[in-house]
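Peer 1: Coordinates only, no sequence provided:
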């Protein structure tokens, strides 16, 4: 798979999504349609930023994950 490619499988109301970023990313979701996609910005080796297509489940998870990281940091302090 090339960077930005993804494939999915569904069973009843659960979707398994496999997306290629720098490594394979695996997501299970009941909240997002696997056919919906968004975009994320990734830094290239040259130092420039590029926009990469990704499943909506991944882009939404990335947006929300920052709050979990802050919570875990505060909880550990």
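Peer 2: That came through fine. Computed from a predicted structure; not experimentally measured.

Peer 1: C-alpha from now on. contacts and neighbour counts both.
Peer 2: OK.

Peer 1: packing partners for the helix or strand hosting residue 72?
Peer 2: Using DSSP states H and E, residue 72 falls within helix 56-76. If contacts are counted by 3 or more Cα pairs under 8 Å, 6 or more residues apart in numbering; DSSP states H and E, helix 56-76 sits against strand 24-29, strand 37-43.

Peer 1: what angle sits between the shortest one and helix 56-76?
Peer 2: Same thing as strand 24-29. 90 degrees (axes from the mean of the first three to the mean of the last three Cα atoms, to 10 degrees).

Peer 1: mind putting the helices and strands packed on helix 56-76 in a markdown table, mean neighbour count, distance to residue 77 and mean pLDDT included?
Peer 2: Output for the helices and strands packed on helix 56-76, formatted as a markdown table (neighbours: other Cα atoms under 10 Å; distance: least, Cα to Cα, whole Å; pLDDT from 0 to 100):
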| stretch | mean neighbour count | distance to residue 77 | mean pLDDT |
| --- | --- | --- | --- |
| strand 24-29 | 14 | 30 | 94 |
| strand 37-43 | 14 | 30 | 87 |
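
Peer 1: could you dump these to TSV with distance to residue 65?
Peer 2: Converted to TSV, the helices and strands packed on helix 56-76 look like this (distance: least, Cα to Cα, whole Å):
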stretch	distance to residue 65
strand 24-29	14
strand 37-43	14
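
Peer 1: Nearest to residue 64, out of those?
Peer 2: strand 37-43 (13.4 Å; Cα to Cα).

Peer 1: who's in contact with residue 71?
Peer 2: Applying Cα atoms under 8 Å, 6 or more residues apart in numbering, we find residue 71 in contact with no residue.

Peer 1: ok, the residue most central in space within the chain to residue 16 distance?
Peer 2: By Cα atoms, centre = their mean, the mean C-alpha position of the chain lies nearest to residue 58, the distance being 2.3 Å. For residue 58, the distance to residue 16 equals 11 Å [Cα to Cα, to the nearest Å].

Peer 1: any shared contact partners between those two?
Peer 2: Residues touching both residue 58 and residue 16 (Cα under 8 Å, 6+ apart) are residue 27.

Peer 1: For residue 33, give me its contacts.
Peer 2: Counting by Cα under 8 Å, 6+ apart, residue 33 has contacts 15, 56-57.

Peer 1: All set now, cheers.
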